[in-house]
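[1] need coordinates for the below:
(chains A, B, C and D)
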Number of protein chains: 2
Amino acid sequence: MQRNTPRKRANLRDVASAAGVSVATVSRVMNAPETVAEATRKKVEEAMNSLHWVPSAAARAINTGRTRFVGALVPTLDNAIFARVLASMESRLATHRLSLVVATTDNDPDQEAEKAKGLVDIGAEGLLVSGITHAEEFYSLIERCQLPAISTSFYDPGFRLPTIGYDNAAAARTALTHLTDLGHRRIAVVHGPSASNDRTRARIDGLEGHSPKPDLSFCEVPLSIAGGCEAGRGILQAEAQPSAVLCLSDVLASGVLFELQRQGVSVPQEISVMGLDDLAGSAHLYPELTTVHLPVSRMGTVAADAIASWVETQKVPEPSLLKSDLVVRSSTAAARQGG
Amino acid sequence: MQRNTPRKRANLRDVASAAGVSVATVSRVMNAPETVAEATRKKVEEAMNSLHWVPSAAARAINTGRTRFVGALVPTLDNAIFARVLASMESRLATHRLSLVVATTDNDPDQEAEKAKGLVDIGAEGLLVSGITHAEEFYSLIERCQLPAISTSFYDPGFRLPTIGYDNAAAARTALTHLTDLGHRRIAVVHGPSASNDRTRARIDGLEGHSPKPDLSFCEVPLSIAGGCEAGRGILQAEAQPSAVLCLSDVLASGVLFELQRQGVSVPQEISVMGLDDLAGSAHLYPELTTVHLPVSRMGTVAADAIASWVETQKVPEPSLLKSDLVVRSSTAAARQGG
DNA sequence: ATGGTTGATGAAACTGGTTACATGTGTCAA
DNA sequence: TTGACACATGTAACCAGTTTCATCAACCAT
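    Below is the predicted model of the structure:
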């Protein structure tokens, strides 16, 4: 039985002895090549190559105290909006030489706390979460570890964590105002599960106390296109039909749109439909969806910058409010007189 | 100047001396509590709590040689299909007590290689990539590190890496056959950028040599709903109008659908539209989209299991072919005679 | 009383890097 | 010729855990 294969990975010492130098010199070739003489450096580099040496991330981390990645906890990847946020976070973090570890929580605070623990266990230097509803274990975890953590999708300067997001209530109000401005008074509000989603709750709450006071009927469905379809069917079956449908998420609005078309209802002539989010595709739906634009990409980059600076400088970032804007397109129109 | 604040995080030794035991015992409380006497364990646990001790992931990793996370390199998060794959990978990996680090490559092999290096640098134990087009540096990286790496979205048993995916060419063929079976002969094929996307290329190639030989016209647009709309406009402006549109991605099909409706063309009466992917929302579009179902969720779980077993057991997994199925819905109909 | 076994614990080596400090050599101005 | 200084390199401590092996007491059967 020959033993040619050095079944164990080479380490710094192996490289050093192969190159005939000390470990310090090898380390210098990695971290400060300019301090090493040309000839020595070449010798070392050759030894590295011939031994197929790859530095151990863990060993480096133990010394520097840095792992260079942060974790993101999102409710789901199925909604395009979170995918968008993550995409912009990921690319922005890359500019800070940080990686992003993703975990999904399914809108469940307990699962979030558990996954957060998992992220800490593998060495996350910071955490990005969404919303303001979290388990007590989550807070005690980040406190215990003194871990930088930022909350997104929700602006609340008084919150326990720095928040970077928009005013969900105001966004919903903006949408409702657009509809009432158009003369709509009987409006169906379609939203996703409110029990598990604080953003949804905030949007619903934002509709309260509106003037003029519209006649709102609420409809809770799963947060998906299928859910929107379900809502659409429900609306058409109701005895008092609304002249407008306010969907608290573009995904739902899409479903409503498709279902109304399927049932032969023309939008916006018979019923206006409005969304909230402004997903990339919403501008291209038929009809083009009127909605409230939430700057999710921007939110991702701002949050990435904030967590990066917190991790690097230990300074807690300021909360940041991002503005949302009404985007009027073709899915809403003036209410017909005396409908 | 008092020095009450022990500005440094506590370590194992601190806990050990606080509890009046050895470091080995503290370590045992973590990893094999049953071997420690009840009373001792309690003492240690109290010390841990009062010192707010959090074990260092890096220190553990350096000993066990495990970081417990793998990296995934996807072209983009903007397409729902990758978000879906990642979601199922993430949840499946969690059952193996592995986390998922996500990086996006923008369909650029060089960027992929660079991000892969970044993932290795932070300690990824394995890599999940998509497609079969990769930079040479990528291969040399995984070879050098002897890193488990699996390719998804593309089945090719002869490939350099184990592949877990579907037969893209066959899926496209299935779609085309459905259209020709319905009597369509003049068909517009809408697809995303082919230069940078091997899956798209494979799908296009799959259409070749079909019998009966249809009259295909190709249209390349950005892979987005907006791109689909653009294609839709192009198709209506063409002098020889097709009776069916075959979109090599559901995202494009959605855009085509919306644009045709916008232009007053009825689907499928005037033009049939077909997709490929079967995204979650496709079944609820108006009209419901006929498409070819790709088992992306299943692919995610299979790939997760494969990389997990490779990482744990060092045994290279077998390639795996996942079947795709035709899903006939309402967006396609028989070609009108003598159109 | 004796030897064997089990259970709990500790001392110290070990993981794979980084880095403070020491050393040795060569250059240059005084 | 000598002291000052820069430069290249090595020695060994250090990071925060895990793990091997030794130790020692307690228990039990002989």
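
[2] rest of the way, CA atoms for contacts and neighbours
    OK.

[3] A:S254 - nearest residue in space that isn't next to it in sequence?
    Excluding its sequence neighbours, the residue lying closest to A:S254 (CA to CA, 6 or more residues apart in numbering or on different chains) is A:I225, at 6.3 Å.

[4] do A:L12 as well
    Residue nearest to A:L12 in three dimensions, not counting chain neighbours: A:V23, with 6.2 Å by CA to CA, 6+ apart.

[5] my guess is that neighbour meets A:R13, correct?
    Yes. Contact criterion CA atoms under 8 Å: A:V23 and A:R13 qualify, at 5.9 Å.

[6] out of the two, which sits in the busier spot?
    More neighbours surround A:V23 than the other of A:V23 and A:R13, with 17 against 14 (other CA atoms under 10 Å in any protein chain shown).

[7] hang on, the earlier thing: how about the residue nearest to A:S254, what does it touch?
    Contact analysis of A:I225 by CA atoms under 8 Å, 6 or more residues apart in numbering or on different chains lists A:V251, A:L252, A:A253, A:S254, A:G255, A:V256, B:G281, B:H284.

[8] inside strands: which ones of those?
    Judged by DSSP state E, strands contain none of the contacts of A:I225.

[9] what's opposite the residue of chain A found nearest chain B in the beta bridge?
    Taking CA to the nearest CA as the measure, the point where chain A comes nearest chain B is A:V101, at 4.2 Å. Judged by DSSP bridges, the bridge partners of A:V101 are A:G71, B:V101.

[10] how deep is A:E318 tucked in, by neighbour count?
    As a burial measure, A:E318 scores 12 neighbours (other CA under 10 Å).

[11] give me the distance between it and DNA strand D.
    Taking CA to the nearest atom of the strand, to the nearest Å as the measure, A:E318 falls 29 Å from DNA strand D.

[12] quick check: that residue vs B:V15, distance?
    Look at A:E318 and B:V15: by CA to CA, to the nearest Å, they are 35 Å apart.

[13] my guess is the residue of chain A closest to chain B meets B:L98, correct?
    No. Taking CA under 8 Å as the definition, A:V101 is not a contact partner of B:L98, at 11.3 Å.

[14] phi, psi of A:H293?
    Taking degrees, to the nearest 10, you get phi -80, psi 120 for the backbone angles of A:H293.

[15] and A:A188, bridged to which residues?
    Residues in a beta bridge with A:A188, per DSSP bridges, are A:S217, A:V245.

[16] quick one: it and A:A238 touch, right?
    No. When contacts are counted by CA under 8 Å, A:A188 is not listed as touching A:A238 (10.2 Å).

[17] ok, those two, which is more surrounded?
    Between A:A188 and A:A238, counting by other CA under 10 Å, A:A188 is the more crowded of the two (23 against 9).

[18] OK, contacts around that one?
    A:L216, A:S217, A:F218, A:C219, A:I235, A:P242, A:A244, A:V245, A:L246.

[19] report the buried members of the residues you listed.
    Using 16 or more other CA atoms under 10 Å in any protein chain shown as the burial test, these include A:L216, A:F218, A:C219, A:I235, A:P242, A:A244, A:V245, A:L246 as buried.

[20] quickly check those for the two that are furthest apart.
    Spatial extent of the buried ones among the contacts of A:A188 (CA to CA) is set by the pair A:C219 and A:A244 at 13.2 Å.

[21] what about A:I307, distance to A:L100?
    Remark: distance between A:I307 and A:L100 (CA to CA) = 11 Å.

[22] these two: which is more packed in?
    Neighbour count, other CA under 10 Å: between A:I307 and A:L100, A:L100 has more, with 29 against 26.

[23] correct me, but that one touches A:A72?
    Yes. Here A:L100 reaches A:A72: they are 6.8 Å apart, a contact under CA under 8 Å.

[24] give the buried residues for stretch A:40-52.
    So stretch A:40-52, judged by 16+ other CA under 10 Å, has buried residues A:T40, A:R41, A:K43, A:V44, A:E45, A:A47, A:M48, A:L51, A:H52.

[25] and for the residue of the stretch 151-300 of chain A at minimum distance from DNA strand D, the neighbour number?
    Per CA to the nearest atom of the strand, the residue of the stretch 151-300 of chain A with the smallest distance to DNA strand D is A:L161, at 25.4 Å. Using other CA under 10 Å, A:L161 has 20 neighbouring residues.

[26] also A:L289?
    When neighbours are counted by other CA under 10 Å, A:L289 registers 29.

[27] now it: closest residue in space, sequence neighbours ignored.
    Using CA to CA, 6+ apart, the nearest residue to A:L289 is A:S331, at 5.1 Å.

[28] and the one you found, that one's in a strand?
    No. A:S331: not assigned to a strand; according to DSSP: H, G, I helix; E, B strand; the rest coil it is coil.

[29] correct me if wrong: it contacts A:L260.
    No. Between A:S331 and A:L260 there is no contact under CA under 8 Å: 11.8 Å.

[30] what's A:T174 in contact with, if anything?
    Shown in contact with A:T174 (CA under 8 Å, 6+ apart): A:V292, A:L326.

[31] can you rerun that using 10 Å?
    Taking CA atoms under 10 Å, 6 or more residues apart in numbering or on different chains, we find A:T174 in contact with A:N168, A:G206, A:L207, A:L276, A:T291, A:V292, A:S324, A:D325, A:L326.

[32] among those residues, which lie within strands?
    Counting by DSSP E, the part of the contacts of A:T174 found in strands is A:T291, A:V292, A:D325, A:L326.

[33] those residues: which two are farthest apart?
    Across the ones in strands among the contacts of A:T174 (CA to CA), the longest gap, 8.6 Å, separates A:T291 and A:D325.

[34] is DNA strand D within reach of stretch A:147-158?
    No. Using CA under 7 Å from any atom of the strand, we find that stretch A:147-158 stays clear of DNA strand D, coming within 14.8 Å at best.
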